[in-house]
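Chemist: model this:
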Amino acid sequence: MALYYLETSALVKLYVYELGTERLLALSTGDAGHRFAILSIAQVEFRAAIRRRQRSGEIPGHAADELIESFRQHSEAKFLIQPFSDSLLDVAFALLDGYALKGYDAMQLAGYLLLRSISGAEEPVFVCADKALLSAARSEGCPIMDPSSP
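Modeler: Residues are numbered from 1 along each chain as shown. Below is the predicted model:
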């Protein structure tokens, strides 16, 4: 049993079929017993990703609404939610000073680093499909997983 921290590029793969979806679904089956954490702002990023796909015609409106509702229910029952805090901002600022990251990407990695600092012996795995963010996480000594790669 492991703890996985899902950055939004990985989180979306649990709801929208993409390269890497099958790998994440296998981890999330009840039999596996794994736990999943997300940063609170991932809820905003997730909705943005689904609505963007809806606007582009990739997902019909009713399906987008169903995905958002399913995610909302999972957020309440299945995900550990890493809260937003001033400490998170401080860590994100330091990451932005050291790496060429986008703002939300720095927030995601900061959320992981704070979770790792309180998780004791159980080191979470940073799950992400963004190469630049994975590179920064690797440099920070994080165990990583790209669900899109073999």
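Chemist: residues making contact with stretch 70-81?
Modeler: For stretch 70-81, contacts defined as Cβ atoms under 8 Å, 6 or more residues apart in numbering pick out L3, L6, Y15, R35, F36, A37, I38, L39, S40, Q43, F46, I50. No exception for glycine: its C-beta is placed from N, CA and C like everyone else's.
Chemist: Select only the buried ones of these in PyMOL?
Modeler: A single PyMOL command selects the buried members of the contacts of stretch 70-81 (16 or more other Cβ atoms under 10 Å):
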select buried, resi 3+6+15+35+36+37+38+39+43+46+50
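Chemist: Same list (the contacts of stretch 70-81) but as a markdown table, adding secondary structure, distance to R23 and pLDDT.
Modeler: Shown next, in a markdown table, are the contacts of stretch 70-81 (DSSP: H, G, I helix; E, B strand; the rest coil; distance: Cβ to Cβ, whole Å; pLDDT from 0 to 100):
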| residue | secondary structure | distance to R23 | pLDDT |
| --- | --- | --- | --- |
| L3 | strand | 17 | 95 |
| L6 | strand | 12 | 98 |
| Y15 | coil | 14 | 97 |
| R35 | strand | 17 | 94 |
| F36 | strand | 14 | 96 |
| A37 | strand | 18 | 97 |
| I38 | strand | 17 | 97 |
| L39 | strand | 21 | 97 |
| S40 | coil | 25 | 96 |
| Q43 | helix | 23 | 95 |
| F46 | helix | 19 | 98 |
| I50 | helix | 20 | 98 |
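Chemist: Return the member of the contacts of stretch 70-81 nearest to A121.
Modeler: The closest of those to A121 turns out to be L3 (Cβ to Cβ; 10.8 Å).
Chemist: Quick check: bridge partners of that closest one?
Modeler: R35 (DSSP bridges).
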